[in-house]
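> Show me how the following folds:
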Amino acid sequence: MNPGLKAKLQSILGLETYANRMGFSTTCLLLARDIVLDERVTMHCHLNLCTNYGKNLMCPPFLPSVADNRQMIDRYTFALLLQLKQALDRYDKEFMRQTFDANARRFGQMAVALERKAFSDGFRLAMALGAGECKLCDNCVIQNGERNCVHPGTARPSMEGMGIDVVRTFAAAGLDLDFTTAQLTVAGILLID
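Residues are numbered from 1 along each chain as shown. Presented below is the predicted three-dimensional model:
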């Protein structure tokens, strides 16, 4: 094996080990070309099924098109799939929303820290993508007509907003995304060049 390739693969596996030590519940390495993109995913955004369309800079219509995202993702070699799971002891819609938001914020912080670790390990174009809309601010500045994110170093696009079919992508890696009343799962991806 090419010594450079071997070192690169060892570094990527080291990132996966690091992610596990950080506290991600599940990690799985996938070839970036196996990430499933589908225009129907962003159509859900455009139909405003999540009620956040146009309300978050890290979601449509403020993100590139699915075709542009496909070209960008094709420039990466690997993707590290990440999950953060939490058992739930009660089913209450408001409680679940608050728990999801708190876990999504925590996930985002962890993913950005992992992205920075990847950068320091030589993967200078590594990029984390989060789960759902960005939750760093209670109300994104775009709702006040401003277009400059107040957290440009830590805000990341949602996988869904990029057109990624999250369920099919994780299934391709043999990972389930269980949406149950007993367990909350937040998922994301670290793209690695």
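> I'd like the distance between the closest residue to Cys59 other than its chain neighbours and Leu15.
With C-beta to C-beta, 6 or more residues apart in numbering as the criterion, Cys59 has its nearest non-adjacent residue at 4.2 Å, and that residue is Gly161. C-beta here means a position set from N, CA and C on the backbone, and glycine is covered the same way. Distance of Gly161 to Leu15, given as C-beta to C-beta, to the nearest Å: 24 Å.
> higher neighbour count, the two?
Gly161 (29 against 23; other C-beta atoms under 10 Å).
> I figured that one hits Leu57, correct?
No: using C-beta atoms under 8 Å, Gly161 makes no contact with Leu57, being 10.1 Å away.
> can you pull the buried residues of the longest helix along the chain?
Longest helix in the chain, counting residues (DSSP state H): helix 93-120. Neighbour-count burial for helix 93-120, with 16 or more other C-beta atoms under 10 Å as criterion, is recorded at 99-100, 103-104, 107-108, 110-112, 114-115, 117-118.
> Likewise for stretch 51-68?
Across stretch 51-68, burial judged by 16+ other C-beta under 10 Å covers Asn52, Tyr53, Asn56, Leu57, Met58, Cys59, Pro60, Phe62, Leu63, Val66.
> wait, which of the residues you listed is closest to Glu94?
Using C-beta to C-beta, Asn52 is the member of the buried residues of stretch 51-68 that sits closest to Glu94, with 17.4 Å.
> just to revisit the earlier point, I'd like the average pLDDT over the longest helix of the chain.
Helix 93-120 shows a mean pLDDT of 92 in the predicted model.
> Quick one: list the elements packing against it.
Secondary-structure packing of helix 93-120 (3 or more C-beta pairs under 8 Å, 6 or more residues apart in numbering; DSSP states H and E): helix 3-22, strand 78-87, strand 127-129, strand 183-192.
> so how far is it off the chain centroid?
Counting by C-alpha atoms, centre = their mean, to the nearest Å, helix 93-120 is centred 9 Å from the centre of its parent chain.
> got the contact list for stretch 66-76?
Residues outside stretch 66-76 that contact it (C-beta atoms under 8 Å, 6 or more residues apart in numbering): 32-33, 35, 37-39, 41-42, 63-64, 125, 162-164, 191-193.
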